[in-house]
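*Asks:* How does the following fold in three dimensions:
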Amino acid sequence: MWKIPTVDIAHTDYWVIMGGNPQASGGSLLASPDQLAQIDGIKARGGQVIVIDPRRTITADHASEWLPIVPGTDAAFLLAMCNVIFSEGLFSLGNVEGLVEGVEQVREACADFTPERVADFCRIPADTIRRIARDLANAERGGLYGRIGLCNQEFGTLASWLVDVVNIIAGQFDKSGGMLFGKPAAKPITWVPDTKIMGEPEFGRWRSRVRGAPEILGQVPCSCLAEEIATPGKGQIKALINIAANPALSVPDSQNLEDALPLLDCLIAIDCYMNETTRFAHVLLPGPSPLESPHFDELMWAWSIGSASKWSDQLFDTGEDYVPEWEILARLGWLCAGKKDADFDFEALDDGWFTTMCQMYGRDPETTLPLYDHGGPERMIDLQLRMGPWGDRYGEDPDGLNLQKVKDAVHGVDLGPMVPNRVPEVIGTPSGKIELAPEYILSDLPRLKKALDRDPDAYVLVSRRNIKSKNTWMHNIKVLVKAGNRCTLIVHPDDASELGLTEGASARVTSEAGSIEVPVEISDEMMRGVVSLPHGWGHDKAGTRLSVAREHAGVNSNLLAPGHFVDQLSGNQAVNGIPVEVVPA
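*Replies:* This is a model prediction of the structure:
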């Protein structure tokens, strides 16, 4: 899990960005400093950057070319690229030759998705699709990068899968300047064990109680939560633990969940804020702020263009009543296991978990536990570093890393750039190869093929990022909201004229799920037929203690997201491509 390749932007000459906005995200699943400078650098050395997105973002303004695409049609576009690569003899596995299964299944799957077949659906000319496919396959160093715009749509799994497929069959996988894997110094626990040990992931083993939504990797869509709380009967959800989340704003059709949360017998929240969700909590446990906690990043290095390790001490001392989040969670886990608080034994719980980690990382717990005079997260991180690719392996390599060495390096330890030819090391499938065409994913192709023939919606809604915002989190900080109202509906000038909308006036946006009013911003950065509203706003609820956010409340875009409008393979909510009606308010 999270073994996700990312483009080697420091060396690439041809970068295709689909549904991503690195300027605002900082590089989602692509960790690199100053990505606009990276884009400028690619162009300066004679390369090209192509942004495919329904909105001309700041990232697109820096690119060589912007291609607007209809939201939700990315999978069809990518299948057409596959079609061109196969039909024009551009297919190459490059560095992963002999390490891939399922090529012929992909060749067959894309046969009907010619550029001419999908051009009207995507609103990208067939000749342009062919050009992008040819240029990527012919590039000496190229990569296709897809992000949240591809994930959060009705064909999100297909689109996300096809990003890897295109890179692989274009010969741009596991090579310098193409798609490479990050190499964290502390081996993430999400990487061990892998499917060689656990077997293939399973789907649909059970269904949700009310809707009958199929289970995906032990989960069902978050849009099921409200009905599972509100519907009486065996298995009804009566208690919920909410950790630093705000689902009353962030789940689809969120009014239903807001109505359901007060029905819970027990809602425990861990949060710094009393927000739109935690106002309903029976118990609110205030965890420390990030500035009161030490920090060691594990996950982000998994898709970083370089390897490094850095420890950051807490900035502010905490009071005597300070309880770290990990201790709060340990105690809650103890209670959820049916044990009494008076019997809480953190040392036993911590040692038990560390013993399991030792076994997962290939260490003997009996010889490892006595080496420490402390427990908690620092012991776990030390294990991960020592058993990682640069670790000292508990003395086997005296020059290797451990946590103390990382702490002593005030500015961190630089371990070099990404390197190619790592697929045999990284892939965790039972076959030891890239399994390119899982039947579970291929099963959604008939649904996409059927969508090619449906009538287009007059207007569809997409979300957008902003560099000063992160989901619902950052709106109670004055310096991040003082620049003015960012919660606006961006509309193309020709659409605004057709709809009778004016700059700064309000529009009413209505979907199958609900209706909201929002100020209009007119800009040719949008393609026609697509309107954009940011997510994470709607801070006007009674009972919260978000005084700054309330002054900049905005509207909640999730009120427009139908709970059933999901990517069927993953169950993930589709928030891009929602059909809407827009009129003057």
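*Asks:* For Glu108, give its distance to Phe86.
*Replies:* Distance, Glu108 to Phe86, by C-beta to C-beta, to the nearest Å: 10 Å. Just so you know, the C-beta spots here come from the backbone N, C-alpha and C atoms, and that holds for glycine as well.
*Asks:* Which residue of those two possesses the greater neighbour count?
*Replies:* Using other C-beta atoms under 10 Å as the criterion, Glu108 and Phe86 rank with Phe86 on top: 19 against 12.
*Asks:* Report the contact partners of Ser176.
*Replies:* Shown in contact with Ser176 (C-beta atoms under 8 Å, 6 or more residues apart in numbering): 8, 11, 141, 419-420.
*Asks:* Is it correct that Val16 falls within a strand?
*Replies:* Yes: remark: Val16 belongs to a strand, assigned using DSSP: H, G, I helix; E, B strand; the rest coil.
*Asks:* can you pull the contacts of it?
*Replies:* If a contact means C-beta under 8 Å, 6+ apart, then Val16 has 49-50, 52, 132, 136, 142-145 as its contacts.
*Asks:* Could you report the neighbour count for Pro286?
*Replies:* Considering only other C-beta under 10 Å, Pro286 is surrounded by 14 other residues.
*Asks:* How about the secondary structure of the nearest residue to it once chain neighbours are set aside?
*Replies:* Nearest residue to Pro286 in three dimensions, chain neighbours excluded: Cys272, at 5.9 Å (C-beta to C-beta, 6 or more residues apart in numbering). Assigned with three-state DSSP, Cys272 falls in the coil class.
*Asks:* Go ahead and confirm Val283 touches Ile270.
*Replies:* No: Val283 lies out of contact with Ile270 (C-beta atoms under 8 Å); the separation is 9.4 Å.
*Asks:* which ones are touching Gln255?
*Replies:* Contacts of Gln255 (C-beta under 8 Å, 6+ apart): 514, 559.
*Asks:* Could you rerun that using 6 Å?
*Replies:* Taking C-beta atoms under 6 Å, 6 or more residues apart in numbering as the criterion, Gln255 is in contact with Leu559.
*Asks:* hang on, it in a strand?
*Replies:* No: Gln255: not assigned to a strand; according to three-state DSSP it is helix.
*Asks:* buried ones in stretch 298-310?
*Replies:* Residues of stretch 298-310 classed as buried by neighbour count (16 or more other C-beta atoms under 10 Å): 298, 301-310.
*Asks:* and of those residues, the nearest to Glu512?
*Replies:* Trp303 (35.5 Å; C-beta to C-beta).
*Asks:* about what we covered before: can you check the contacts of Val16 and name whichever has the most neighbours?
*Replies:* Gly143 (29 neighbours).
*Asks:* biggest separation within the buried residues of stretch 298-310, which pair?
*Replies:* Greatest spatial distance in the buried residues of stretch 298-310: Glu298 and Ile305, 17.0 Å, computed using C-beta to C-beta.
*Asks:* average model confidence for stretch 230-250?
*Replies:* Averaged across stretch 230-250, the pLDDT comes to 96.
*Asks:* Next: stretch 57-69.
*Replies:* What stretch 57-69 shows for mean pLDDT is 96.
*Asks:* what's next to it, contact-wise?
*Replies:* With C-beta under 6 Å, 6+ apart as the test, stretch 57-69 has contacts from 21-23, 36, 39, 48-52, 54, 56, 122, 124, 527.
*Asks:* how about a cut-off of 8 Å?
*Replies:* Residues from elsewhere that reach stretch 57-69, judged by C-beta under 8 Å, 6+ apart: 17-18, 20-24, 35-36, 39-40, 43, 48-56, 77, 122-124, 128, 132, 464, 525, 527, 530.
*Asks:* give me the beta-bridge partners of Glu101?
*Replies:* Glu435 (DSSP bridges).
*Asks:* Could you look up the SS state of the nearest residue to Trp537 once chain neighbours are set aside?
*Replies:* Excluding the flanking residues, the one nearest Trp537 by C-beta to C-beta, 6+ apart is Gly554, at 2.9 Å. Three-state call for Gly554 (three-state DSSP): coil.
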